[in-house]
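Undergrad: Compute the structure for the input listed below.
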Amino acid sequence: MQAAAAASGVQDMLGIEGDPPQDITFKSEVFDIAMHPTSDKIAVGLVSGYVKLYSYSSTANKLLFCAHPHASSCRSISFTPDGRFLFSVSSDKSIKVMDVERNGAIVFEIPKAHKSAL
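TA: Down below sits the predicted model:
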């Protein structure tokens, strides 16, 4: 009850009207997150090997794409400085580069990038 009252107070101070957006939730554990460098997007790497990209705002969150580039856990993700590409590395020893503007299409990959799982 106190958290809801505090959230309402913050919304009032910021001039935000209406209910906040639904939480972004996941069926498997989140291993890493990355914030887009130029827009309101967040990428999430999951233990299941999935990578998801969401847009977010004070009124709505939206899944932009869900990709499954890895056979095992996605251990780290990072955007390029311009935000066009998303790099991901996995315990399957691979590195993948996804095109953010083409729904996570893999544009480059190194299947055995390292000897040991990260």
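
Undergrad: Confirm Lys52 sits in a strand?
TA: Yes: checked against DSSP: H, G, I helix; E, B strand; the rest coil, Lys52 lies within a strand.

Undergrad: Show residues contacting stretch 107-118.
TA: For stretch 107-118, contacts defined as Cβ atoms under 8 Å, 6 or more residues apart in numbering pick out 69, 72, 75-76, 85, 89-99. Backbone N, C-alpha and C define where each C-beta goes, glycine included.

Undergrad: Buried members of those into PyMOL, please.
TA: To isolate the buried subset of the contacts of stretch 107-118 in PyMOL, counting by 16 or more other Cβ atoms under 10 Å, use the following:
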select buried, resi 69+75+85+89+90+91+92+93+94+95+96+97+98
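
Undergrad: Which of the contacts of stretch 107-118 fall within strands?
TA: Using DSSP state E, the subset of the contacts of stretch 107-118 located in strands is 75-76, 85, 89-90, 95-99.
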